[in-house]
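*Asks:* sequence plus predicted model, see below.
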Amino acid sequence: MNAPLLEEHLRSLKLPAILANYRRLAENARDPIAYLGEVASVEVERRHENGVKARISAARFPTLKTFDTFDFTAQPRAPKTKILELADGRFVRERRSVIFYGPPGVGKTHCLIAIGLAACTHGYRTLFTTAAGLLTDLLEAKRNGTLTRRLRSLDRFALLLIDELGYVPFEREATDLLYQVISQRYECASVGITTNLAFEQWIQVFPDAMTASAVIDRLVHHGSVFEFSGTSHRLKSRDGNPQTRAKT
Ligand code: ADP
Ligand code: MG
């Protein structure tokens, strides 16, 4: 077979990585099976990279943060090893949940994004949203008669990250929906939450004390709670950099 025909086949089979690399790999090829293995690997790698990129873009992270840039010395009471372990994606495979709890500016959202990014690289479909954004979206879907479809679309994500639970008070209709989302995922899919509310205060974001304790029970039964403390990193960085403004 001549090269133009081979290249046409590779294009029609949608194997761009092989197309780009087959000549280079052929230069050192010793046996045909090893060569075929090498060209197949470049395609597999390229697809994995594309998959990761697509999952990261679909996750709608507000910004990209990793544990590499997280200073654990600022959180001496948080269990560094256990938090770093979350980046291996096992908690998503085991359908467990994670809660980062603490005052504003201490790195909860940073860590939530970091575990989400890691999940994307491990092949898990992830969605990042704020509690307020999620509920606005669901209430709108309810008004449009598309709630069932919207809820089902959340099921496609192995990991649902809900940032800032408790920052804004919600109406009963919204808290009912939040309860529905979280209870629907129990033992089926993972949830990651950041909150400034201690469990005693979760009554503020769920319809009543019973549902609040049912949600806590579920999240804690198959999940881990990490408490962050200290003063806001935003205020600290504002001291060092007058351009930076504290958000909360
Ligand atoms: P929270 O969600 O707890 O309010 P964020 O995660 O939004 O706080 O953190 C505020 C800012 O400070 C972000 O830019 C974050 O990257 C940074 N930050 C907070 N804590 C740390 C830390 N321990 N190491 C590095 N950056 C941090
Ligand atoms: Mg935050």
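*Replies:* Right, received. Where do you want to start? Ligands and ions are numbered 1, 2, ... in the order given.
*Asks:* what helix or strand is the closest residue to Phe157 other than its chain neighbours on?
*Replies:* Spatial nearest neighbour of Phe157, excluding adjacent residues (CB to CB, 6 or more residues apart in numbering): Leu127 at 4.4 Å. For the C-beta atoms, the positions are set from N, CA and C on the backbone; glycine is no exception. Assigned by DSSP states H and E, Leu127 belongs to strand 126-130.
*Asks:* ok, then the element right after that strand?
*Replies:* For strand 126-130, the following helix or strand on the C-terminal side (DSSP H and E) is helix 131-144.
*Asks:* in terms of secondary structure, what does that next one contact?
*Replies:* Helices and strands touching helix 131-144, by 3 or more CB pairs under 8 Å, 6 or more residues apart in numbering; DSSP states H and E, are helix 147-155, strand 159-165, helix 172-185.
*Asks:* list the contacts of that helix.
*Replies:* 129, 147, 149-151, 162-168, 170, 173-174, 177-178, 181, 205 (CB atoms under 8 Å, 6 or more residues apart in numbering).
*Asks:* do a quick rundown of the helices in the protein.
*Replies:* With DSSP state H, the ranges of helices along the chain come out as 3-12, 16-27, 32-59, 80-85, 90-93, 108-121, 131-144, 147-155, 172-185, 209-221, 233-240.
*Asks:* and ligand 1, which of the helices and strands packed on helix 131-144 is closest to it?
*Replies:* Across these, ligand 1 has its closest neighbour in strand 159-165 (7.2 Å, CB to the nearest ligand atom).
*Asks:* mind listing what the closest one pairs with, with the direction of each?
*Replies:* For strand 159-165, the paired strands and their directions (DSSP bridges) read strand 126-130 (parallel), strand 190-195 (parallel).
*Asks:* okay if I get those strands as CSV plus mean pLDDT, distance to Thr63 and mean neighbour count?
*Replies:* Formatted as CSV, the strands paired with strand 159-165 follow (pLDDT from 0 to 100; distance: least, CB to CB, whole Å; neighbours: other CB atoms under 10 Å):
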stretch, mean pLDDT, distance to Thr63, mean neighbour count
strand 126-130, 98, 10, 21
strand 190-195, 97, 14, 25
